[in-house]
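What shape does this take:
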Amino acid sequence: MLPRMSAQTARPPRIVVTVVVAARQPEPAIAARKNALFVDSVVRHGAAAIAIDASTPASERAGAFATMDGLLLTGGADLDPSLYGEADQGSEGVEHDRDELEQAAWRVAVSRGLPVLGICRGLQAMNVFAGGKLLQHVDGHAGPGWGHGPALTHPMRLVAGSQLARIMTPAGLPAGLMVNSYHHQAVRPEDLAPGLVASAFADSPAGEIVEGLEAAAGPFRMAVQCHPERTESTPRVFEQLFAAFVAACRRPATTR
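Next up is the predicted model:
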């Protein structure tokens, strides 16, 4: 007789995916395609995605937060610099209602000890919500918008011994990776929030910037500055990051 599976093991992990309100964007069709890429990045690894945006009714948000097994914070507009105690010095397209949505989702995830993965804006949001800050503009890291030409790329250096390096290079692959670059804001080493450490770096005109971060201890909390959901410009090895995130969301809370 086969062993009985618990409800937590039998069902796909439910991952809340924060996305943009596509209808509000200058190119709604492209925005919707971007949203779909984020959702698919966890669905193809066995998760059930719950996409929410700033227009999602409060009751639906509450239900999603109450039942989620993990949180994916995705790309989008710059965060309101007042969230990290600064005046506007080059931030673009701030969406206050999205900041509020994601901050609420982050607080629930932290209070429940849930895994969190951040992508691009998501990396910056995690750092800010945890008490860090941002460099509001860095030259040379925002190439053509997705769908408007080949991606700008640059090398990303993994930190030896980091959780990200162990996930991405389990067989001793080279630590240097070429990644896409769609951001104009960044986290410098001195901007990191308490409890977060850098797991990857890249060079920039502003000096070394953080391309990956993770929690120093505790539940799965990881983020990358690039866009690995855009598989046409991303090394295949990043699939291991999505797989590890979904696996962390699948584990019962007592073993995370």
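
CA atoms for contacts and neighbours, from now on please.
OK.

what about the strands in this structure?
14-18, 48-52, 70-73, 116-119, 153-158, 176-180, 196-202, 209-215, 221-224 (DSSP state E).

Would you reformat those as TSV and include mean neighbour count, mean pLDDT and distance to Ser91?
Converted to TSV, those look like this (neighbours: other C-alpha atoms under 10 Å; pLDDT from 0 to 100; distance: least, C-alpha to C-alpha, whole Å):
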stretch	mean neighbour count	mean pLDDT	distance to Ser91
strand 14-18	25	98	20
strand 48-52	20	98	24
strand 70-73	27	98	19
strand 116-119	26	98	18
strand 153-158	19	90	22
strand 176-180	19	85	21
strand 196-202	21	96	21
strand 209-215	25	97	17
strand 221-224	26	98	20
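
Save those as a markdown table, and put in distance to Ala125 too.
Formatted as a markdown table, these follow (distance: least, C-alpha to C-alpha, whole Å):
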| stretch | distance to Ala125 |
| --- | --- |
| strand 14-18 | 12 |
| strand 48-52 | 16 |
| strand 70-73 | 8 |
| strand 116-119 | 8 |
| strand 153-158 | 20 |
| strand 176-180 | 19 |
| strand 196-202 | 13 |
| strand 209-215 | 12 |
| strand 221-224 | 10 |
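
Ala87: which of those is closest?
Across the strands of the chain, Ala87 has its closest neighbour in strand 209-215 (21.0 Å, C-alpha to C-alpha).

Let me know the angle separating that closest one from strand 176-180.
100 degrees (axes from the mean of the first three to the mean of the last three C-alpha atoms, to 10 degrees).

what does the average pLDDT come to for stretch 225-234?
In this model, stretch 225-234 has an average pLDDT of 91.

Pull out the buried residues from it.
Gln225, Cys226, His227, Pro228, Glu229, Arg230, Ser233, Thr234 (16 or more other C-alpha atoms under 10 Å).

Equivalent analysis for stretch 14-33, please.
Quick answer for stretch 14-33 (16+ other C-alpha under 10 Å): Arg14, Ile15, Val16, Val17, Thr18, Val19, Val20, Val21, Ala22, Ala31, Ala32.

any chance of these in TSV, with distance to Cys249 too?
Output for the buried residues of stretch 14-33, formatted as TSV (distance: C-alpha to C-alpha, whole Å):
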residue	distance to Cys249
Arg14	8
Ile15	8
Val16	11
Val17	13
Thr18	16
Val19	19
Val20	23
Val21	25
Ala22	27
Ala31	26
Ala32	25
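
Pick the one among those residues closest to Pro81.
So of the buried residues of stretch 14-33, ranked by how close each gets to Pro81 (C-alpha to C-alpha), first place is Val20, at 18.8 Å.

Not counting its neighbours along the chain, what's nearest that closest one?
Spatial nearest neighbour of Val20, excluding adjacent residues (C-alpha to C-alpha, 6 or more residues apart in numbering): Asp53 at 5.7 Å.

got it, and Leu158?
Spatial nearest neighbour of Leu158, chain neighbours left out: Ala200 (4.2 Å); criterion: C-alpha to C-alpha, 6+ apart.

can you pull the contacts of the one you found?
Met156, Arg157, Leu158, Val159, Val210, Glu211, Gly212, Leu213 (C-alpha atoms under 8 Å, 6 or more residues apart in numbering).
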